[in-house]
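*Asks:* coords please:
(one chain, ligands or ions: 1)
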Amino acid sequence: MLKLQRGQKLVVATHNDGKLREFRTLLEPFGLELVSAGELGLPEPEETGTTYHENAELKSVAASKASNLWALSDDSGLSVNALDGAPGIYSARWAGPSKNFDDAMVKVHTELMGKGAMAPGRRGAEFIAVLCLSTPEGETAFFEGRVAGTLVWPPRGTKGFGYDPMFQPQGHMRTFGEMEEKEKHHWSKSEIGLSHRSRAFSTFVKECCPDD
Ligand code: IMP
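*Replies:* Predicted coordinates for the structure are as follows:
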């Protein structure tokens, strides 16, 4: 089992500022020294995998090999039931080279309209996150989290990132875009978190983080 030590330097294998901010919030209690792949000037590997696991692994392994440090990556996306799981692993790419998620949300909504999916019951979706922890020696470990919800239109809220403003998690009246980060990720050792990322993190933390 891979176990991090308090004070250990860990590369967060991402160039996405939204994800980096969330990693920092989620890992704050564990006394790790976090540095991102972006801050280290590491190249952003091409996501050539066909699954979340493959893409998470290639990002994490590239970062730990290049830095000679342990690295943690996240590959995540939005899987829309009526679109057969799209955009899925292509969620970031639907935002185009300028990473415009207003356009990506319009695209999701337009595709749903094309399927006649207007009623909330036809607009079910899931956020999925797969974390990969890797060492320079080539060991890896994976952690997965999911959250189900409904896609609303128009999008609501300006918090979060990506598709957050159109995603209303099951059992809640507000979208992730309307929630404070602490509420989106809320979790504790005895309680399951709300977001896909916090659910994946709760397993990761139990297995790999030093006791807080
Ligand atoms: P990747 O993991 O870098 O391929 O990017 C995943 C993409 O999925 C992000 O750029 C977002 O568009 C979307 N995504 C993943 N997690 C979230 C989330 O928590 N909120 C909103 N969008 C997300």
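*Asks:* correct me if wrong: Met1 contacts Lys206.
*Replies:* No - counting by Cβ atoms under 8 Å, Met1 stays clear of Lys206, with 10.7 Å between them. Any C-beta I mention is one placed from the backbone N, CA and C, and that applies to glycine too.
*Asks:* tell me which of these two has more neighbours.
*Replies:* Taking other Cβ atoms under 10 Å, Met1 and Lys206 do not tie; Lys206 has more neighbours (10 against 6).
*Asks:* which SS state does the more buried one fall under?
*Replies:* Here Lys206 is recorded as helix under DSSP: H, G, I helix; E, B strand; the rest coil.
*Asks:* any idea how far it lies from Leu4?
*Replies:* In this view, Lys206 and Leu4 are 12 Å apart by Cβ to Cβ, to the nearest Å.
*Asks:* run through who's touching the strand or helix carrying Ser202.
*Replies:* Assessed by DSSP states H and E, Ser202 sits inside helix 196-208. Under the criterion Cβ atoms under 8 Å, 6 or more residues apart in numbering, residues 1-4, 19, 22, 26-27, 30, 72, 74, 76, 126-131, 133, 141, 143-147, 184-187, 189, 192-193 lie in contact with helix 196-208.
*Asks:* from those, which are also near the ligand?
*Replies:* Ser76, Phe127 (Cβ under 6 Å from any ligand atom).
*Asks:* now the chain against the ligand: closest residue?
*Replies:* Gly162 (2.4 Å; Cβ to the nearest ligand atom).
*Asks:* give me the nearest residue to that residue, chain neighbours excluded.
*Replies:* Distances taken as Cβ to Cβ, 6 or more residues apart in numbering place Phe101 nearest to Gly162, at 5.3 Å, with adjacent residues excluded.
*Asks:* which strands or helices does the longest helix anywhere in the chain pack on?
*Replies:* What stands out as the longest helix in the chain, according to DSSP state H, is helix 52-67. On a contact count with 3 or more Cβ pairs under 8 Å, 6 or more residues apart in numbering; DSSP states H and E, helix 52-67 meets strand 9-12, strand 70-80, strand 124-134, strand 140-151.
*Asks:* now it, how far from the chain's geometric center?
*Replies:* Offset of helix 52-67 from its chain centre (Cα atoms, centre = their mean, to the nearest Å): 15 Å.
*Asks:* any residues touching it, and which ones?
*Replies:* 11, 13-14, 37, 40, 42-43, 45, 47-49, 69-77, 89, 128-136, 138, 140, 142, 144.
*Asks:* where in this protein is pLDDT low?
*Replies:* Applying pLDDT under 70 to the chain flags residues 187-192, 212.
*Asks:* return the residues of it in contact with the ligand.
*Replies:* Within the chain, the positions near the ligand by Cβ under 6 Å from any ligand atom are 16, 47, 75-78, 91-92, 127, 160-164, 176, 195, 197.
*Asks:* measure stretch 8-26 end to end?
*Replies:* 16 Å (Cα to Cα, to the nearest Å).
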